[in-house]
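In: fold the following.
(4 chains)
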Number of protein chains: 2
Amino acid sequence: MQSYTEENYLKIIYHLAEKTTNVQTNAIAEQMQTKPASVTDMIKKLADKGLVDYVKYQGVTLTETGRNAAIDIVRKHRLWEVFLVDKLNFKWDEVHDVAEELEHIRSIELIERLDEFLGFPKADPHGDPIPDKNGRFAKTQFIKLIELKVGDTGTITGVSQHSSAFLKHLEKLGLTLGKKIKISDVTDFDGSVEIQLADKQVNISREVAKHILISSNGKN
Amino acid sequence: MQSYTEENYLKIIYHLAEKTTNVQTNAIAEQMQTKPASVTDMIKKLADKGLVDYVKYQGVTLTETGRNAAIDIVRKHRLWEVFLVDKLNFKWDEVHDVAEELEHIRSIELIERLDEFLGFPKADPHGDPIPDKNGRFAKTQFIKLIELKVGDTGTITGVSQHSSAFLKHLEKLGLTLGKKIKISDVTDFDGSVEIQLADKQVNISREVAKHILISSNGKN
DNA sequence: AAAAATTTTTAGATTTACCTAAAAATTTAA
DNA sequence: TTAAATTTTTAGGTAAATCTAAAAATTTTT
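Out: Reported below is the predicted structural model:
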């Protein structure tokens, strides 16, 4: 059984490992809002518990056990986010902090029943996949909106940025999950993208386009 | 802002204060499953923070601030219990431990919305009143079943014992909240009580009868 | 009202998760 | 391929919430 803090370390290491193979002390420290020295201490502890493999100065990787523990927390986090949005009418930019606390509630029964109550959702309010109780993710095929060409169509199915500012911005533009889009223009000047929605046309910066994930339903 | 542990102390002091006016160190220690020495330490801390009044060797009482904090936790605990039973189909004897964790989630917004989602319930699954967001309790008029006389009728509206064993026992006998009862006999020998339900008659010990709360709808 | 029993507090340690400052290892640049 | 910069670790300490053992205060009993 891990402490609240250990769980947070595992979760953060898991997320960092999605980008880089060996996760660095400084990167963990930044995410945990703590100092590298503290991270070293905790990593040793996690290594002693068999949750991470650790070679001095070489960063860490999760063990099988560690990864399973991390996935379990991710599962809880995302299920709670669905609950907050679907049942309590939170907006998608308001759920992160509360889910950050709820994810640590220790009751397998609770999560099984919550999952059922929510109708076994496959993705959270940001489109991130929810692992099933065995830790398995549904296969998802995302393309970054920025990679689409003029004339391409698709459906918004996720975002790769979870900041409240970003999500509120999308909301205001009407670029929410499930919306069907068509690329009507890409500006040479700054790479900004013009998008055709069902009822209107909107313009987004290249930066925004990078963080919108599309399930493509046909290339041009 | 109180720590998780401080919140538990406040809650326990609050509950103990419902029975005795000045709450003793040993009693707190027993409830907290810790040692009296640890309680003394924590009481000093709570006193420094202005949450309890404390005179050495004389026990503690909650201050206005302390009581409000405690009531807030009780509110959260009971609302979560309603959620678990009404929405996730937990049994009334299964909810305590999980609610014990959920009560510490810090988000006013979450609790307001949960309250609304649940339809602003007035009582938890054990019949205990749920304070509103201003900390006010609905007035409830309970009588212990043991105090009823033969021929008296009433409705089961609460219990004063929350152990799983007790609650399962009641469940098995069909003595659940909302059930209408009539006292058909009280045995001289051991004080056990015979109860007439809509569809059957059951016999309970004096000990069980002490912990069933009735809203009386007419004496004999 | 003294003696005995109980309750409560103090003193001194321990553990967890931090910290700062300095040393050591690794990586990057000249 | 050294020197400089960066990253990581070690060493030594702190605060929160505990503990045990012993001392002090209070309450109960005789």
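In: pull the longest helix from chain A.
Out: Secondary structure assigned by DSSP state H gives helix A:64-82 as the longest helix of chain A.
In: how about that one and chain B, touching?
Out: No. Applying C-beta under 8 Å from any C-beta of the partner chain, one finds helix A:64-82 separated from chain B by no less than 9.8 Å. The way it works is simple: take the backbone N, C-alpha and C, and place the C-beta from them, glycine included.
In: and that helix, what does it pack onto?
Out: helix A:4-17, helix A:96-102, helix A:108-117 (3 or more C-beta pairs under 8 Å, 6 or more residues apart in numbering or on different chains; DSSP states H and E).
In: can you list the residues of chain A near chain B?
Out: Contact residues (C-beta under 8 Å from any C-beta) of chain A with chain B: A:84, A:87-90, A:94, A:97-98, A:101-102, A:105-107, A:109-110, A:113-114, A:117.
In: filter those down to the buried ones, PyMOL style.
Out: Here is the PyMOL command that picks out the buried ones among the residues of chain A next to chain B, judged by 16 or more other C-beta atoms under 10 Å in any protein chain shown:
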select buried, chain A and resi 84+87+88+90+94+98+101+102+105+107+110+113+114+117
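In: contact partners for the residue nearest the centre of chain A?
Out: Nearest residue to the geometric centre of chain A (C-alpha atoms, centre = their mean): A:D128, 5.1 Å. Contact analysis of A:D128 by C-beta atoms under 8 Å, 6 or more residues apart in numbering or on different chains lists A:78, A:158.
In: measure it to B:W80 for me?
Out: The gap separating A:D128 from B:W80 is 26 Å, by C-beta to C-beta, to the nearest Å.
In: check A:E81 too.
Out: Counting by C-beta to C-beta, the gap from A:E81 to B:W80 is 18 Å.
In: more neighbours: which of these two?
Out: Using other C-beta atoms under 10 Å in any protein chain shown as the criterion, A:E81 and B:W80 rank with A:E81 on top: 27 against 23.
In: go ahead and confirm that one touches A:V95.
Out: Yes. In this structure, A:E81 is within contact of A:V95 by C-beta atoms under 8 Å, at 4.7 Å.
In: list the contacts of the nearest residue to A:S192 once chain neighbours are set aside.
Out: Counting by C-beta to C-beta, 6 or more residues apart in numbering or on different chains, the nearest residue to A:S192 once its immediate chain neighbours are dropped is A:S205, at 5.2 Å. Applying C-beta under 8 Å, 6+ apart, we find A:S205 in contact with A:190-192.
In: what lies in contact with the helix or strand of chain A with the lowest mean pLDDT?
Out: For chain A, counting by mean pLDDT, DSSP states H and E, strand A:212-216 ranks last in confidence among helices and strands (a mean of 92). Identification of contacts with strand A:212-216 by C-beta under 8 Å, 6+ apart yields A:127, A:140-146, A:148, A:152-160, A:170, A:175, A:181, A:204.
In: pull up the residues of chain A that are close to DNA strand D.
Out: A:24-27, A:36-37, A:39-41, A:43-44, A:54, A:56-57, A:59 (C-beta under 7 Å from any atom of the strand).
In: the same query, at a cut-off of 6 Å, please.
Out: Neighbours of DNA strand D within chain A, by C-beta under 6 Å from any atom of the strand: A:24-26, A:36-37, A:40, A:56-57, A:59.
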